[in-house]
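Novice: Return atomic coordinates for the entry below.
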Amino acid sequence: MDRRTFLATTAALAATPALAQQRVTLNVLTAGDQNMVDYITDYLGPMFQRQNPGVTVRALGTGPGDAGSQRIWERLEAQRRANANSVDVDVAVVHQTMAGRMVAEGLLSRFRDQASTGQLSTSDVTRNALGQNVDGFVLPMFNSQIALAYNPARVANPPRTFAELETWVRQNPRRFGYNGIRGGMSGVGFVFGWAYAFGPDQKRLIEGPFDAEAVTALTPAFQRLREFNRNVVITPGNAGTLDAMNRGEIDIGPVWMDMFYSWQAEGRLNPAYRLVLPESGMPGQPMYYVIPARAANNDVARRFIELATSPPVQAEGIVRRFNWLPGIDAQHVRQHLDQQTWDRLFRDVGPDQLARGARPMPQADFMRALQEAYERVVLN
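Specialist: Numbering: from 1, shown residues only. Predicted coordinates:
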């Protein structure tokens, strides 16, 4: 699709006479790395401003990881305690943990049913954030997914289940690597995937409610993981796993798909390396657009999110620019992507495989408990 067609399409999606000539400053706070702020400042904000004269989009980053989302919660909570009639945050981009807490504490507005793009995202993460019901309060900005990267020159038939991986590692000691439970979420997600595969109740771990006995029931799975770890390499981080593959130190390891594709696009990773998503499933994690309950510009905020989650913007901004998986269902962006881009993103792990094998992260209390169980059982 050429640039003129793209701009015309997005303009048609967001053209709203009701916003014309309004004098509004739309404050958008985003957790995450600096690229999240740059995305809004350099791309999404200017587009929205062109389509809505009189509206100024102001983006502010609050920092990476859950700590960035925590700062947004602190800001909203402080203004609620001060009995402010409205808050100075119109749109926020937050992680799953804090989105669930904000919904539970009444800090967010229910907007998805009123959004024109609200039904374009049907995955579980639109309804469940680490065990908290968030249905109606969130729309994913993007989705990220953990999968197994492998070197096909060394691994002709990659393992497609955790049981097959366990056998492969016994036969190929120290050719698999992951970053444990402390070195980044690709390793943490691998541990959760192991618990899903070998534990007795995957559904309980994801949806809750929390039960300490369910964690105890995972002890055999973690004992099995302890034996597995005797034949693996523990890498220093998310990037460390890809670096170890680059150096030929390992042949398989769990990675974030967007990081994998970005490294290949930048020439930092062998373009022949491939991905596989085990059939028993591995977790991923979105970041959410949300609107605070007392946002001063609620209607404008919803329209901003409608633009951000429209198929053309998801295709251009989320897929092409960042190699992220779209926050809306993949079939809605298909017509806005050239074949090369589509093939690059879904060559190894297609939309149907994602629908079958992508899992949410565990319910928040289970997430903490599983990490503690790993340290207690696997590391001792």
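
Novice: what's the longest helix in this protein?
Specialist: helix 65-81 (DSSP state H).

Novice: and that one, average pLDDT?
Specialist: Helix 65-81 shows a mean pLDDT of 94.

Novice: now for that helix, which elements pack on it?
Specialist: strand 24-31, strand 55-63, strand 91-94, helix 96-104 (3 or more CB pairs under 8 Å, 6 or more residues apart in numbering; DSSP states H and E). The way it works is simple: take the backbone N, C-alpha and C, and place the C-beta from them, glycine included.

Novice: Remind me what the last one packs against, helices and strands.
Specialist: Packed against helix 96-104, as judged by 3+ CB pairs under 8 Å, 6+ apart, are the following elements: helix 65-81, strand 128-129, strand 132-133, strand 282-290.

Novice: Pull out the buried positions in it.
Specialist: By 16 or more other CB atoms under 10 Å, the buried positions in helix 96-104 come out as 96-103.

Novice: and the nearest residue to residue 80 once chain neighbours are set aside, how many neighbours?
Specialist: Using CB to CB, 6 or more residues apart in numbering and skipping residues adjacent in sequence, the residue nearest residue 80 is residue 107, 6.9 Å away. By the criterion of other CB atoms under 10 Å, residue 107 has 24 neighbours.

Novice: Surely residue 107 touches residue 137?
Specialist: No - using CB atoms under 8 Å, residue 107 makes no contact with residue 137, being 9.6 Å away.

Novice: Next up, identify which helix or strand the closest residue to residue 325 other than its chain neighbours is on.
Specialist: Among residues not flanking residue 325 along the chain, residue 143 sits closest, at 4.2 Å (CB to CB, 6+ apart). Using DSSP states H and E, residue 143 sits in strand 139-150.

Novice: One more: residue 204?
Specialist: Judged by DSSP H and E, residue 204 forms part of helix 202-207.

Novice: Which helix or strand lies directly C-terminal to that helix?
Specialist: Immediately after helix 202-207, counting by DSSP H and E, sits helix 212-216.

Novice: Average the pLDDT values over that following helix and round to the nearest integer.
Specialist: pLDDT averaged over helix 212-216 gives 96.

Novice: Just the buried positions in it, please.
Specialist: Under the neighbour-count rule (16+ other CB under 10 Å), helix 212-216 has 214-215 buried.

Novice: so what secondary structure elements neighbour it?
Specialist: helix 364-373.

Novice: Output the helix it packs on as PDB - backbone C-alpha positions only.
Specialist: Taking C-alpha atoms only, helix 364-373 is exported to PDB below (Å, rounded to 0.1, in the frame of the first residue of the first chain):
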ATOM      1  CA  ALA A 364      -0.600 -12.200  39.400                       C
ATOM      2  CA  ASP A 365      -0.300 -14.200  42.700                       C
ATOM      3  CA  PHE A 366       0.600 -17.300  40.800                       C
ATOM      4  CA  MET A 367       3.200 -15.400  38.900                       C
ATOM      5  CA  ARG A 368       5.000 -14.400  42.100                       C
ATOM      6  CA  ALA A 369       4.600 -17.900  43.600                       C
ATOM      7  CA  LEU A 370       6.000 -19.700  40.500                       C
ATOM      8  CA  GLN A 371       9.100 -17.500  40.600                       C
ATOM      9  CA  GLU A 372       9.500 -18.200  44.300                       C
ATOM     10  CA  ALA A 373       9.000 -22.000  43.600                       C
END
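
Novice: hmm, back to that, right, so of the helices and strands packed on helix 96-104, which gets closest to residue 210?
Specialist: In terms of CB to CB, the element of the helices and strands packed on helix 96-104 nearest to residue 210 is strand 132-133, at 11.6 Å.

Novice: quick one: strands adjacent to that closest one?
Specialist: strand 128-129 (antiparallel) (DSSP bridges).

Novice: Run through who's touching the strand it pairs with.
Specialist: Applying CB atoms under 8 Å, 6 or more residues apart in numbering, the external contacts of strand 128-129 come out as 96-97, 99-100, 103, 134-135, 138, 206-207, 288, 360.

Novice: Next, the distance between the ends of stretch 328-336.
Specialist: 13 Å (CA to CA, to the nearest Å).

Novice: Mean confidence (pLDDT) on that stretch, please.
Specialist: Stretch 328-336 comes out at a mean pLDDT of 95.

Novice: Ok, stretch 123-133 next?
Specialist: 90.

Novice: hang on, the earlier thing: export the helices and strands packed on helix 65-81 as TSV, with columns for distance to residue 364.
Specialist: Listed next are the helices and strands packed on helix 65-81 as TSV, based on distance: least, CB to CB, whole Å:
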stretch	distance to residue 364
strand 24-31	16
strand 55-63	20
strand 91-94	14
helix 96-104	6
